[in-house]
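Asks: Quick one: sequence plus predicted model below, questions after.
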Amino acid sequence: MQRYIAIRLVSAIPTLLGVVTLVFIVMRLVPGSIVDQILANGDSSEEVQRSLRAYFGLDRPIYIQYLQYLGSLLTGDLGVSWRARFPTLEMILYALPVTLQLAGMAALVSMVVGVGLGILSAVKENSLLDHGVRVLSLFSLSMPVFWQATMLILVLSIWVHWAPLGYVDPFTDPGKNLSLMILPALTLGTSASASVMRMTRSCLLDVLRQDYIRTAQAKGLRERAVVIRHAVRNALIPVVTILGLQVGSLLGGSVVVESVFGIPGIGLLILNAIGMRDYPIVQGTVIVTAVLFMATNLLVDVLYGYLDPRIRYGRGV
């Protein structure tokens, strides 16, 4: 197992380098720069433009900028925000716990709702409940997150006179924090639960048709024991893969949800940074998100061995 983890960590280096290169290039392909925004309503003489470009290092050839940025990353320096003039790492570490809380709560909602309804749908195959769950999953897959978030705020504000916007630190006021975060987490989590629901149903139906399940039923075991002890555990391996991959979608979906609900997390930070062409913030947040995504996928692969003892990470890995 240790050898497998070491190989995965080494193989993550080229992936991370590709992410760094891609975001570096794409940001500089976006029309306009921070210099253009600063001078939009002010002195736009060539001398001022040259001095500002030199100040931000944009006057150097792009490959020099790239090599200097890689050198800074090797020392753990993500740069300084061009707008706020604060270290990028500090700003990310301030916003990251907010997004991790939102993503964690959304993942919990996705797992509980998706796995729970998927199991019920598989056990009650072709019943009215099964058809209802499948229609619900299709509806959830078809509904954009931003539309769902906007409609929830609209409905709650008109009918219940409650619009949970903003953020409060959980250590300052846990109750207020939960009341503000529950709706964004439900919005993000129920949207993600649809694919988990469908995968759980499909995998569990396949396992329930296996011979060893029929043998367990023929021995007189209760239906609940057969499903929980024998079927669900074997059906969860593909579901765990989906849950792991959803970390990226939850972090990405947080951009929209945080913007709608006014939550000061990574999503809102990167959205504002893109609009202001704050390259260090955008590059830093994308790198941190990529590292979190790769770490989660590694954790999912390690969990395979626990869920299925037949899986072993040997020399051939």
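Replies: Nice, I can see it. Numbers count the residues shown, from 1 in each chain.

Asks: can you list the domains in this protein?
Replies: For the chain, the domain assignment from automatic domain parsing gives the residue ranges 19-74, 88-307.

Asks: JSON lines for those, including distance to Ile13 and mean neighbour count?
Replies: C-beta here means a position set from N, CA and C on the backbone, and glycine is covered the same way. Below are the domains of the chain laid out as JSON lines (distance: least, Cβ to Cβ, whole Å; neighbours: other Cβ atoms under 10 Å):
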{"stretch": "domain 19-74", "distance to Ile13": "11", "mean neighbour count": "13"}
{"stretch": "domain 88-307", "distance to Ile13": "10", "mean neighbour count": "18"}
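
Asks: residues in contact with the helix or strand hosting Tyr55?
Replies: Assessed by DSSP states H and E, Tyr55 sits inside helix 46-56. Where contact means Cβ atoms under 8 Å, 6 or more residues apart in numbering, the residues beyond helix 46-56 that reach it are Ile34, Val35, Ile38, Leu39, Asp59, Trp82.

Asks: Among the residues you listed, which lie within helices?
Replies: Under the assignment DSSP state H, the contacts of helix 46-56 contribute Ile34, Val35, Ile38 to helices.

Asks: Tell me how far the first one lies from Arg28.
Replies: Spatial separation of Ile34 from Arg28 under the definition Cβ to Cβ, to the nearest Å is 11 Å.

Asks: what do the two both touch?
Replies: Tyr279.

Asks: So what touches stretch 9-22?
Replies: Tyr66, Tyr69, Leu70, Leu73, Gln283, Val286, Ile287, Ala290, Val291, Met294, Leu298.

Asks: I'd like the residues you listed laid out as a markdown table, including secondary structure and pLDDT.
Replies: Shown next, in a markdown table, are the contacts of stretch 9-22 (DSSP: H, G, I helix; E, B strand; the rest coil; pLDDT from 0 to 100):
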| residue | secondary structure | pLDDT |
| --- | --- | --- |
| Tyr66 | helix | 91 |
| Tyr69 | helix | 90 |
| Leu70 | helix | 91 |
| Leu73 | helix | 89 |
| Gln283 | helix | 91 |
| Val286 | helix | 89 |
| Ile287 | helix | 90 |
| Ala290 | helix | 86 |
| Val291 | helix | 87 |
| Met294 | helix | 83 |
| Leu298 | helix | 80 |
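
Asks: of these, closest to Asn177?
Replies: Asn177 has its nearest neighbour among the contacts of stretch 9-22 in Val291, at 25.8 Å by Cβ to Cβ.

Asks: What are the neighbouring residues in contact with the closest one?
Replies: Val291 is in contact with Leu16, counting by Cβ under 8 Å, 6+ apart.

Asks: mind checking how far it is from Pro14?
Replies: Val291 is 14 Å from Pro14, where distance means Cβ to Cβ.

Asks: For Val10, the count of nearby residues, please.
Replies: 9 (other Cβ atoms under 10 Å).

Asks: What average pLDDT does stretch 243-261 get?
Replies: Averaged across stretch 243-261, pLDDT comes to 76.

Asks: Contacts made by it with the rest, please.
Replies: By Cβ under 8 Å, 6+ apart, the surrounding residues in contact with stretch 243-261 are 98-99, 102-103, 106-107, 110-111, 145-146, 149-150, 153, 164-166, 180, 183-184, 187-188, 191-192, 195-196, 263-268, 270-271, 289, 292-293, 296-297, 299-300.

Asks: where in the stretch 101-250 of the chain is pLDDT low?
Replies: 230, 248 (pLDDT under 70).

Asks: so how far is Met294 from the residue sitting nearest the centre point of the chain?
Replies: Centroid check for the chain by Cα atoms, centre = their mean gives Leu251 as the closest residue, at 2.5 Å. The gap separating Leu251 from Met294 is 12 Å, by Cβ to Cβ.

Asks: now Arg201
Replies: Separation of Arg201 from Met294 (Cβ to Cβ): 29 Å.

Asks: same check, this time on Met143
Replies: 29 Å.

Asks: now Val80
Replies: Counting by Cβ to Cβ, the gap from Val80 to Met294 is 26 Å.

Asks: before we move on, what about Ala216?
Replies: As judged by Cβ to Cβ, Ala216 and Met294 stand 38 Å apart.

Asks: This protein: helices as residue ranges?
Replies: Here the chain has its helices, by DSSP H, at 2-29, 34-38, 46-56, 62-74, 88-123, 128-142, 145-155, 174-208, 211-218, 223-225, 233-261, 266-276, 279-307.
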